[in-house]
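[1] Predicted model, plus sequence, below.
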Amino acid sequence: MKNHTLVVLTLFVAVAQAPARSQQITFAGQPAEVLSNDKLDLAVTTLGATLASIVLSDDPTKLNPLWDPVRIAHEQGREVAFNGSAGHFVCVDGFGPASPDERAAGMPMHGEAHVTKFETSRVEEPSGSAVTFTAKLPIVQEFFTRTYHIVNGENVVYVDSQLENLMGFDRPVNWGEHATIMAPFLQPNVTTIFLSGTRSQNRDYRPAAGQNQQAAGGGAGGTQRRLVPGQDFTWPMAPGLDGKLVNLSSPPEDAHFLDHATTLLDPTRDLEWVAALNTSRRLVYGYVFRRQDYPWVQHWGNYPNTAQLVRGMEFATQPYDVSRRDTMTLRSMFETAVYRWLPAKSKIESHFLLYYARVPERFSRVDEVLLENGQLVIEDHATNERVVLAASRGLPGNP
């Protein structure tokens, strides 16, 4: 019998730790709250409660894996203002374009939250630190609250959210977490996306009657579609327009494409996950979340060139970022609902955690992510290696 060596990288709470702390800074011209411990430094803007940056505290390069459109514009010789659509931003209540009537009423794409100024409150505790963001969404008449927690000695960030219906009637809710990574963390043949699901579909981007290609999600900036519209497939090999299969788990070397697809996460699991592994820098960035909150992951690959690769790992209540009307018309896909109910004068919650950490040199893929007994375990079955991170807070409903 062949023997395998199990290598475990354990990142637990050390005896001597820098305490978690929070402070206020400016990020891309916007006020932001910084949460830090001895492992991570993250910046969350008060506009949109957007997670704009996360870096390892001891990384001399301060590599932020998250999407930074302000930096992209600067590299192109343009200047743009930070508008909340960056990094990881929340799309609630709305994930996708507004209808013409909604736009006339002032509703932006992806809902109001990401363009709303939030009030903040900070809590410093012996074990960690937290910042809570609160705002009323005036068009949909909802109140949104999001809290970011970090714990001393942990590479994990815990995100707890609550959406309150201020109206006296039940309503379907569209809620997406627009988690987005970019180059240089995202690289062809180096960075790979892994997730807890296989049943997938290419987005049907063909325009409906009276709709132009851009309105249907067409490419911009010279990017081209390469996936067969509306075709089911098994993740990660999607049918391409050239008759070949396209591996959606990694960005293309010949970068001039725009991809859209979705994956239904494993219906047998209580906790789902999505992760991005960079084997060159030996870094992993990922999420664990409750399936009852987010059963879908939308894959948005915006690949205009190799220097500006952008990849969405967008976990959501619905398979695609489409209008509220389109979501309600679809109702379900793959025998799974595509929206969530928010009862009258009531509140619903969502909970997820994210992590950013180093992996061993031989770590080559992510086959499983488990959250149990105060630990987050990331497994590579090919090399029989594991990364074990302290995750003392866990997630509600998970032991």
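    Received, thanks. Residues are numbered from 1 along each chain as shown.

[2] Kindly export stretch 308-320 (C-alpha atoms) in CSV.
    Provided in CSV are the C-alpha atoms of stretch 308-320 (Å, rounded to 0.1, in the frame of the first residue of the first chain):
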residue,chain,number,x,y,z
GLN,A,308,-6.8,43.7,-16.1
LEU,A,309,-8.4,40.3,-15.6
VAL,A,310,-11.5,40.5,-13.4
ARG,A,311,-13.5,37.5,-12.2
GLY,A,312,-16.7,37.4,-10.2
MET,A,313,-17.4,34.6,-7.7
GLU,A,314,-20.9,36.0,-7.0
PHE,A,315,-22.9,33.9,-4.6
ALA,A,316,-26.6,34.8,-4.6
THR,A,317,-30.2,33.9,-4.2
GLN,A,318,-30.5,33.7,-8.0
PRO,A,319,-28.4,32.2,-10.8
TYR,A,320,-27.8,35.4,-12.8
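
[3] Average pLDDT for it, rounded please.
    Stretch 308-320 carries an average pLDDT of 97.

[4] Stretch 227-240 now?
    98.

[5] which other residues reach it?
    Contact with stretch 227-240 is made by 193, 195, 197-206, 226, 241, 245-249, 259-261, 263, as judged by CB atoms under 8 Å, 6 or more residues apart in numbering. Quick note: C-beta positions are derived from backbone N, CA and C, even for glycine.

[6] now with 6 Å?
    Stretch 227-240 has contacts (CB atoms under 6 Å, 6 or more residues apart in numbering) with 198, 200-202, 204-206, 226, 241, 245-249, 259, 261, 263.

[7] Check stretch 259-273 too.
    Taking CB under 6 Å, 6+ apart as the rule, stretch 259-273 contacts 196-197, 199-203, 227, 235, 238, 248, 288-289, 291, 295-299, 301, 319-320, 334, 336, 369, 371, 398.

[8] try stretch 287-302
    Contacts for stretch 287-302 (CB under 6 Å, 6+ apart): 195, 248, 258-259, 261-263, 265, 269, 271-274, 310-312, 314-316, 319-320, 336, 350-354, 369, 371.

[9] Buried ones in it, by neighbour count?
    287-291, 293-302 (16 or more other CB atoms under 10 Å).

[10] From Asp160, how far out is the residue minimising distance to the centre of the chain?
    Taking CA atoms, centre = their mean, the centroid of the chain lies closest to Ala179, which sits 2.1 Å from it. When distance is defined by CB to CB, to the nearest Å, Ala179 is 16 Å away from Asp160.

[11] now His299
    Using CB to CB, one gets 26 Å for the distance from His299 to Asp160.

[12] follow-up on the earlier one: tell me which of the contacts of stretch 259-273 fall in helices.
    Among these, none falls in helices (DSSP state H).

[13] In the stretch 201-350 of the chain, where is pLDDT below threshold?
    208-221 (pLDDT under 70).

[14] need the helices for it, in chain order.
    Taking DSSP state H, counting those that start in this stretch as the test, the helices found in the stretch 201-350 of the chain are 324-330.
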